[in-house]
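let me see the structure of the following:
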Amino acid sequence: MYPDGPAVAIFALLASSLALLVTATPLKSPSVELGESTPNGGNDGLRSSNAITCEVCKVAVSTLQFLVKRNATEDEIVKIATGICIDFKIEDKRICDGITVEFRDELIGVLVETALSSDEICGLILGDSCADVPTFNSQNWTVPILNDTRVPYTPVKAPPAGSPVTNFLYLSDIHYDSKYAVNTLDTCDEPICCRAYLGPGDAGVYGSYHCDSPQALLENALKHAFQAEQFDYVIFTGDVPAHNVWNQTKDDITSSIQYVCDIMAKHFPGVPVFPAVGNHESAPVNAFAPPSVTGKNSHQWLRDALADTWKQWLPEDTQATIKKGGFYSTLVQPGLRIISLNMNYGDSSNWWLFVNTTDPADQLAWLRDELQKAELAGEKVQIIGHQPPSGLMKGFSWAYHKIVNRYANTVTAQIFGHSHVDKMSVFFDEDDKTTPVGAYYIGPSLTPDGGDSGLNPAFRVFSQDGNYPGSTHALLDHRTYILNISSPDVATSPAWTLEYSAKKAYAMSGIQPADWADVIERMDSDDSLTQKFNYYKYHSHLHETCDASCKKGVICEMKTSRSGDHSQCASMSATEFTRHLLRTAVTDKC
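Numbers count the residues shown, from 1 in each chain. All right, here's what the predicted structure looks like:
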């Protein structure tokens, strides 16, 4: 998905469907990723757009709750919602007809189960500026740290010269579009372009800036990734399906997942792939019911499909937790473990959190236990997931941060996707607020669809301390490769090139948390460094200079790792920061 925010969109006036309430806007509206949320986990209104307002949200939700309580039929609700969607021009008729039916079961299921008022629901979606719900219990939960005897954080030392080095490939946000058609309209007012029914246009062989990934791009990218550098394994942080969220079926989703995984297996023979589940890996999009939900709204179909598709790369002992909640833990090599999380259980776009937000599927308690076992075993851990924690609801985001802060000596990497752009953020110690104890990466997407200008397709290779006794398994560098799809000869000679190496681009001795904290400090006085970081953020397809306000925002983002926590951003107010996020955000397509 796109910079985060899949989600918010108020279906429209009176009886608008919460389906479009949470999904119509994401189709077109700006969204934010890092540090966007308010203390309640909302987004200070950042996700609203067009005619979508706080009052519309409250009226819409109240009306829907009224209809559900008076036992209105599903057909009645769909008819009203579709009519409003069309009359108020939220989307065109074809999309309105599809999306209200697509989200019907989830919408009604959540409204029947939730105990939240319309104020509370809209506060969670749109933030404190919409509804002040500071005592809302579902945002005040945490996961107890059972063994709080923390060894002080010890910065990782550089490995001895000549030590073995291991590489791994990073991929995210593929958004494979099986219906992509070359020479069709590549700029349109719909959530996805480059399809035959839109008529003739300039859609390229290897993709276009406002479209999802065609098969040719997917195959070419994997082929060149395999040739670019040697790597021992692949990390894939999710989002397989395209953005046609108004007419996707469960079969569409599972078929896309199976197809893309088969393509990966073909191009990476004998190389294990460690996936994470994205917010688009569901029908409807963003909806991930916890395992406690059974019957027609159960998402066991998806969890079983993931377990079945991923088993070609993962050991049998991962099946139970994948089938329970879409997460798992496994050894990559002696002393190095990967933990893949289902971050959808913290995303306010997942309506099922309106029923209960408290650690769905007990995932974060499980993460704590896995990290404790890893610490005792002397293992290092790479955490992967789709949405970065700073863009999630406060309860989940802060609980996650607390756990990682406790096990900072064990966690060597945190790698996420979702935003489509290239970012990173430093974790500072929760106690002294100044010591950098971790960092997470939000990697570039393969899909070129992102922002007003679009993005060049990208993949990344990380280097880390290698597989030998005493290895720290610490990250040493990362290198990003891009395909310039605006090149005049890309259709006949697609050329993937090294965009940059982090160490070289930012004059770093390494890419440990302290190294990134140093980069942030240097950015204060070195404008060229900030401009470079911002240019790479958009995969070298940015045509604007980062002004003084943008520069403050970029630095603030790099220091913000918890939802609603503005404490590291002394250079700008919370209001200024949210304005920066809104101004620079990539259009949310989730």
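
and Lys394, its phi and psi?
Dihedral pair for Lys394: phi -60, psi -50, per degrees, to the nearest 10.

where does it sit relative to Asp565, distance-wise?
9 Å (Cβ to Cβ, to the nearest Å). Yep, even glycine has a C-beta here, placed from its N, CA and C like the rest.

and those two? which has more neighbours close in?
Using other Cβ atoms under 10 Å as the criterion, Lys394 and Asp565 rank with Lys394 on top: 26 against 19.

in a strand, Val271, correct?
No. The assignment for Val271, made by DSSP: H, G, I helix; E, B strand; the rest coil, is coil rather than a strand.

how much space is there between it and Phe459?
Taken as Cβ to Cβ, the span from Val271 to Phe459 is 14 Å.

residues contacting the residue lying closest to Gly201 once chain neighbours are set aside?
Residue nearest to Gly201 in three dimensions, not counting chain neighbours: Leu185, with 3.5 Å by Cβ to Cβ, 6 or more residues apart in numbering. Leu185 makes contacts with 193-194, 198-201, 203, as judged by Cβ atoms under 8 Å, 6 or more residues apart in numbering.

name the helices or strands packed onto the longest helix anywhere in the chain?
Scanning the chain for the longest helix, with DSSP state H as the assignment, gives helix 250-267. In terms of contacts (3 or more Cβ pairs under 8 Å, 6 or more residues apart in numbering; DSSP states H and E), helix 250-267 is packed against helix 215-228, strand 273-275, helix 300-310.

most packed of the ones you listed?
For those, the largest average neighbour count (mean count of other Cβ atoms under 10 Å) is found in strand 273-275, namely a mean of 23.

so where's the stretch 101-250 of the chain uncertain?
Applying pLDDT under 70 to the stretch 101-250 of the chain picks out residues 127-129, 131-139.

all helices for it, in order.
For the stretch 101-250 of the chain, the helices defined by DSSP state H, counting those that start in this stretch cover 104-113, 118-126, 215-228, 250-267.

looking at those helices, which is closest to Cys556?
Evaluated with Cβ to Cβ, the helices of the stretch 101-250 of the chain place helix 118-126 nearest to Cys556, the distance being 21.6 Å.

now the closest one against helix 104-113, angle please.
If you take axes from the mean of the first three to the mean of the last three Cα atoms, to 10 degrees, helix 118-126 sits at 130 degrees to helix 104-113.

just checking, what packs against helix 118-126?
Using 3+ Cβ pairs under 8 Å, 6+ apart, helix 118-126 sits against helix 18-23, helix 54-69.

okay, those helices, which one's buried deepest?
Compared across these, helix 18-23 shows the largest average neighbour count, a mean of 30 (mean count of other Cβ under 10 Å).

any idea of the mean pLDDT in that helix?
Per-residue pLDDT values across helix 18-23 average out to 41.

if we can go back for a sec, just send the contacts of Leu185 back as a markdown table, with distance to Tyr328 and neighbour count too.
Shown next, in a markdown table, are the contacts of Leu185 (distance: Cβ to Cβ, whole Å; neighbours: other Cβ atoms under 10 Å):
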| residue | distance to Tyr328 | neighbour count |
| --- | --- | --- |
| Cys193 | 36 | 23 |
| Cys194 | 35 | 28 |
| Leu198 | 40 | 18 |
| Gly199 | 44 | 9 |
| Pro200 | 45 | 10 |
| Gly201 | 42 | 17 |
| Ala203 | 37 | 23 |
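
from those, pick the one nearest Gly470.
Using Cβ to Cβ, Cys194 comes nearest to Gly470 of the contacts of Leu185, at 50.7 Å.
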